[in-house]
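Q: please find the sequence and the predicted model below.
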Amino acid sequence: MKVAIVEICEANHQTAVEALALTYAYDCKNQVSVYTLAGFETLDSLENYSNISVVKKNDEQSIHRFLKQINDGDFDAIHLNTISKYHSQFANIGWKNLIITVHNIDIWFDNPLKKQIALLKYRLKSTKGGIKRAVYLPIKYFVREYQRQKKRFKMVNRIIVQNQKVLVYSDNQKKFLSKYLAPEQIIVFPFCAHQPADDLSVNNKRLRVCIPGSVDNHRRDYDGLFQMLKQNYQNYAHRLCIDLLGYIPKSESYIIPKITELQKLGIQIIYSRDFIDETTYNQRLQLCDIILGNLKPSLNQKSKYGETKETGVIFNMIKAGKPGIFPDTYPIDKSLESICLVYHKDLHPILSGLLTDNTQIYALKKRTLEIVKSYEPANLYPQLIKQLN
């Protein structure tokens with residue numbers, strides 16, 4: 001097979017590109033070309049594989065010419081990994097053998113004007129702050145998304161008419177998307193592949209819980225977590241470490257005094273105000289015992305984790321081979337249920353139980369390493385090829 005993977009929008013989606021590229025490259029007869037832009041240097045390491053090449057747009061090319069060059073390349077499959085920019089340029093290409101990854105199903109397939117207006121009203125009502133944040137920005141985003149939606153509709157119509165394929169990250173997403181597409185048009189493939197690495201958590205003196213991703217109290221419940229830790233600090237003092245594995249933006253800096261207070265109570269909390277480089281990120285991920293998805297599953301009237309979109313927490317579990325903790329309102333794929341602990345509103349019984357019986361975390365981590373083997377390229381490849389045909 002001759003395969004193209006296109007990522008020119010989001011550098012932080014490199015993991016998904018790597019998963020696809022390494023999976024296709026498992027068959028040495030396949031030739032994989034990754035198309036991207038200058039500045040996406042993290043993808044350069046893929047060229048260490050003999051049947052993967054990385055092609056970057058040159059300065060003289062427009063985005064349209066670059067995309068047209070790809071479409072004219074006689075590929076058996078063209079993966080568009082992210083479309084969050086350049087909507088007109090993507091929509092104006094008559095793509096052949098297309099597989100488009102949809103990160104937010106609601107935006108692409110369930111976003112008529114009335115829903116866009118409803119979301120605007122929701123944002124105007126719920127946003128706090130000055131005029132810019134409370135009024136100007138919601139209206140600006142509405143106008144921008146209205147224009148982008150026209151391009152998305154154009155591409156969706158082409159997908160339906162030409163029987164092209166859409167890639168999503170979980171079976172739950174496929175179930176939701178099946179309302180709009182035939183099941184055979186939908187490919188399920190994870191955001192990342194598992195690549196074995198040394199487990200750095202074996203000598204931990206405290207239970208180390210990692211929360212990956214930039215700190216955002218809109219998507220994850222940090223306030224509730226910190227309140228619970230404060231209420232039960234005597235159970236956790238000198239026994240628990242919380243690693244906030246993502247930087248704290250200025251908009252969320254109000255939580256830093258709360259962190260300081262918990263640290264004084266004996267709870268170790270690791271955090272950063274600056275972006276965390278990939279090497280440090282991966283090392284800290286391997287240091288953790290378990291990953292916490294303290295999600296707010298329903299983000300707004302349209303978007304819900306586990307249905308219309310997926311959380312990176314799941315893919316950090318797969319990547320690092322670590323078990324997870326989730327609220328019971330988040331739908332976990334069946335393949336991962338046995339390595340996930342679930343709580344109803346109160347996280348304390350889960351953490352307290354792990355501290356009381358340390359054999360539980362050892363058993364979970366052992367089981368996780370077995371489960372994530374199915375996410376290695378050698379095992380992902382036959383599943384991917386079966387869905388392509």
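A: The structure has been received and is ready for your questions.
Q: so which strand or helix has residue 20?
A: Secondary structure from DSSP states H and E places residue 20 in helix 14-25.
Q: the helices in the stretch 251-389 of the chain, which residues?
A: Secondary structure of the stretch 251-389 of the chain (DSSP state H, counting those that start in this stretch): helices located at 256-264, 278-287, 312-320, 348-356, 358-371, 377-388.
Q: and among those, the most buried is which?
A: helix 312-320 (a mean of 24; mean count of other Cβ atoms under 10 Å). All C-beta spots, glycine's among them, are computed from the backbone N, C-alpha and C.
Q: which elements pack onto that helix?
A: Applying 3 or more Cβ pairs under 8 Å, 6 or more residues apart in numbering; DSSP states H and E, one finds that helix 312-320 makes contact with strand 207-212, helix 278-287, strand 290-292, strand 324-327.
Q: swap the cut-off to 6 Å and go again
A: When contacts are defined as 3 or more Cβ pairs under 6 Å, 6 or more residues apart in numbering; DSSP states H and E, helix 312-320 packs onto strand 290-292.
Q: what about residue 74, how many neighbours?
A: Other residues near residue 74 come to 9 when the count uses other Cβ atoms under 10 Å.
Q: residues contacting residue 384?
A: The contact partners of residue 384, by Cβ atoms under 6 Å, 6 or more residues apart in numbering, come to 23, 189.
Q: quick check: residue 170 vs residue 111, distance?
A: Distance, residue 170 to residue 111, using Cβ to Cβ, to the nearest Å: 20 Å.
Q: neighbour count winner among these two?
A: residue 170 (24 against 21).
Q: let me know the average pLDDT across stretch 85-99.
A: In this model, stretch 85-99 has an average pLDDT of 96.
Q: can you check stretch 165-183 too?
A: When pLDDT is averaged over stretch 165-183, the result is 93.
Q: same question for stretch 57-69.
A: For stretch 57-69, the mean confidence score works out to 96.
Q: for it, the distance to its chain's centre please.
A: What separates the centre of stretch 57-69 from the centre of its chain is 28 Å, taken as Cα atoms, centre = their mean, to the nearest Å.
Q: what's the end-to-end length of that stretch?
A: In stretch 57-69, first residue to last residue: 10 Å (Cα to Cα, to the nearest Å).
Q: about what we covered before: dump the next helix-or-strand element following the helix holding residue 20 to PDB, restricted to CA.
A: In the C-terminal direction, the helix or strand that comes right after helix 14-25 (DSSP H and E) is strand 31-36. Coordinates of each C-alpha in strand 31-36 appear next as PDB, following Å, rounded to 0.1, in the frame of the first residue of the first chain:
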ATOM      1  CA  GLN A  31       5.200   3.000   1.800                       C
ATOM      2  CA  VAL A  32       4.100   5.800   4.200                       C
ATOM      3  CA  SER A  33       4.400   9.500   3.500                       C
ATOM      4  CA  VAL A  34       3.800  12.000   6.300                       C
ATOM      5  CA  TYR A  35       2.900  15.400   5.000                       C
ATOM      6  CA  THR A  36       3.400  18.300   7.400                       C
END
